[in-house]
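> here are the coordinates; sequence isn't available:
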């Protein structure tokens, strides 16, 4: 084996196996668009090599996982070297070097001009939040303007917000713009008049026209339309600009394909969380500017020479972007200290690994505390670029210079739908995690002791995500074309007879739940059903989900049930799918029209 091969790390990026009989498979290598007929035992060897490791490491993994015995390691090592020579395994250094070679972009960090705060009915929270971000900008010599987008229903509350914002404007000498119901209504009318858009679609984007009772996504859409053409920072009104670094922060760069890269620390209360995470002074917006909107080749090139680029697992999307050098970071995240922002701790059973799991399961008392208290630190130890679908909107940098999808206007997990759409429709788009956490100062929230009884409940955005996941796109479509295609698909689903719609959602839910249950079983085996208290909850999760799947109401969105019968919930769910389809079809032009209106001096948010 040559020294170059011995020092390199290799992975099998994306293969598809088609059994041909007689112990042979047709193996399609999607990354190179070639097919080979291989003995089935060889194709199984390739499937083991899904992460970047040395040939020796892969050889031992193959012998362990396929139960070949250690005496077969030399033979497997020779086979893997043959795979390298045939181009069936991708070299890590070769892939990164190729990305750097292809990088001819002239991108430079843009100034992040407009921090935005999203609020509803929480005047003290809004003042504390906005004051903290203004002071951070002033401390580092920034002259930003700020925008507040308000979803408050009461005109008294909205007028109070305007007065408070004028006081902050005068105190700090900062430009502050504001959008409440009146400003949004006027801008919606302007959009309809100037762009000729269907009034129902525009109003659905910006208001809770169906009376769902939660319109966080509509508020976020207003921010996107107001800031069309900018790099922006978006924060919920219960956050505070208190920055704390990951305990082991470093200047490496890491890539992740599917798994959320963040680590967790768990605390019994807010006081302990803050004592354990000392704050530091850093220019928040500068941290985002170093990554947001940047070409991934540029980001790799700027890693200091004595630091590492970690590339362990590569999905097909990440491989294509590294191979072509065209990937872009469109959204950036800070971690959080304080309230986790996670509505249920059930995800701790499926989505955590490594040191996070060790901290969670260190003792039964630690475990019980984490499943009761929502107080955490959640962060990464270095700048991390991620291709996945999970997005949490508590604090975000957003590259709003070109088209992004809209948020689902109503109900919670609107940020999850946005992340799923962004990853699904915009092929070379990536999320960036920063190793600096901000304070999420939501108060008085703890996990319900009976959370396990609700793990199989559906909410509206589950149904929306089921619909997105079921769509297939023809090759070669742009992000805009995919949004339009998805809009047409949603419109069709929203228009079919309701029994057919119900059956479609039931089948999609069964598919997704089947994948979840398989994952739970796999994780249980991975950790040898240990510790006992963790395995007990894994079993409860599986049993509760099994039972729920057998009931007809397993597709009823519980977040729409208040004051409605199950039949009415199903009708509303399908109507919301239909209306979201209409919005997806007009959103690209709405975004461009908002940009044109802005050039002409007409914006959604107005100076206070």
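Arrived safely. As the structure is a prediction and not an experimental result, all values here were calculated from the model.

> which residue packs closest to residue 564, ignoring adjacent ones?
Spatially, and ignoring its direct neighbours in sequence, residue 564 is nearest to residue 572 (6.9 Å; CB to CB, 6 or more residues apart in numbering). For glycine as for every other residue, the C-beta is placed from the backbone atoms N, C-alpha and C.

> ditto for residue 519
Once flanking residues are discounted, residue 519 sits nearest to residue 350: 5.9 Å by CB to CB, 6+ apart.

> one step back: now do the contacts for the residue nearest to residue 564.
Counting by CB atoms under 8 Å, 6 or more residues apart in numbering, residue 572 touches 210, 212, 560, 564.

> okay, these in CSV with pLDDT next?
Converted to CSV, the contacts of residue 572 look like this (pLDDT from 0 to 100):
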residue, pLDDT
210, 97
212, 97
560, 98
564, 97
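
> pipe the residues you listed into TSV and attach neighbour count, distance to residue 466 and secondary structure per row.
TSV is the format used below for the contacts of residue 572 (neighbours: other CB atoms under 10 Å; distance: CB to CB, whole Å; DSSP: H, G, I helix; E, B strand; the rest coil):
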residue	neighbour count	distance to residue 466	secondary structure
210	16	19	coil
212	18	18	coil
560	26	15	helix
564	14	20	coil
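
> which segments of this protein make up each domain?
Following automatic domain parsing, the chain resolves into domains at 3-88, 114-233, 239-445.

> so which of the ones you listed is nearest residue 481?
domain 239-445 (8.8 Å; CB to CB).

> quick check: mean pLDDT across the closest one?
The average of the pLDDT scores along domain 239-445 is 94.

> how deep is residue 407 tucked in, by neighbour count?
25 (other CB atoms under 10 Å).

> secondary structure element for it?
Here residue 407 sits in a region with no helix or strand, counting by DSSP states H and E.

> quick one: contacts for it?
Contacts for residue 407 were tallied using CB under 8 Å, 6+ apart; they are 216-218, 220-221, 224, 414-415, 417-418.

> try 6 Å
Residue 407 sits next to 217, 220-221, 414, 418 when contact means CB atoms under 6 Å, 6 or more residues apart in numbering.

> and what of residue 390?
The contact partners of residue 390, taken as CB under 6 Å, 6+ apart, are residue 260.

> and it, how far from residue 132?
According to CB to CB, to the nearest Å, residue 390 stands 26 Å off from residue 132.

> kindly report the same for residue 255.
Distance, residue 255 to residue 132, by CB to CB: 32 Å.

> ok, now residue 200?
39 Å.

> so which of these two has more stuff around it?
Comparing residue 200 with residue 132 by other CB under 10 Å, the one with more neighbours is residue 132, at 18 against 14.

> tell me the secondary structure for the most centrally placed residue in the chain?
The geometric centre of the chain, computed from its C-alpha atoms, lies nearest to residue 391 (CA atoms, centre = their mean), at 2.2 Å. On the three-state scheme (DSSP: H, G, I helix; E, B strand; the rest coil), residue 391 is labelled coil.

> in which helix or strand would I find the closest residue in space to it that isn't next to it in sequence?
Excluding its sequence neighbours, the residue lying closest to residue 391 (CB to CB, 6+ apart) is residue 419, at 2.7 Å. For residue 419, the host element (DSSP H and E) is helix 414-425.

> that helix - contacts with which helices or strands?
Packing partners of helix 414-425 (3 or more CB pairs under 6 Å, 6 or more residues apart in numbering; DSSP states H and E): helix 460-470, helix 479-493.

> let's have those helices in a markdown table, adding mean pLDDT.
Shown next, in a markdown table, are these (pLDDT from 0 to 100):
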| stretch | mean pLDDT |
| --- | --- |
| helix 460-470 | 97 |
| helix 479-493 | 98 |
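
> identify whichever of those lies nearest to residue 205.
helix 479-493 (12.4 Å).

> angle of that closest one against helix 460-470?
Here helix 479-493 runs at an angle of 110 degrees relative to helix 460-470 (axes from the mean of the first three to the mean of the last three CA atoms, to 10 degrees).

> against which helices or strands is helix 479-493 packed?
The elements that helix 479-493 packs onto, with contact taken as 3+ CB pairs under 6 Å, 6+ apart, are helix 414-425, helix 566-599.

> could you list the buried residues of the longest one?
To tie it back to what came earlier, the one meant is helix 566-599. 569-570, 572-574, 576-591, 593-595, 597-598 (16 or more other CB atoms under 10 Å).

> hang on, residue 326 packs against residue 427?
No - the pair residue 326 and residue 427 does not pass the contact test of CB atoms under 6 Å, sitting 9.1 Å apart.

> okay, and the common contacts of the two?
Taking CB under 6 Å, 6+ apart as the contact rule, residue 326 and residue 427 touch no residue in common.

> buried set for stretch 551-564?
Buried-residue list, stretch 551-564, by 16+ other CB under 10 Å: 554-557, 559-560.

> got it, and stretch 182-191?
With burial defined by 16+ other CB under 10 Å, the residues of stretch 182-191 counted as buried are 183-184, 187-188, 190-191.

> ok, the closest residue to residue 123 other than its chain neighbours to residue 124 distance?
With sequence-adjacent residues excluded and distances taken as CB to CB, 6+ apart, residue 123 is closest to residue 160, at 5.7 Å. To residue 124, residue 160 is 11 Å away according to CB to CB.

> when those two are compared, which one has more neighbours?
Neighbour count, other CB under 10 Å: between residue 160 and residue 124, residue 160 has more, with 14 against 9.
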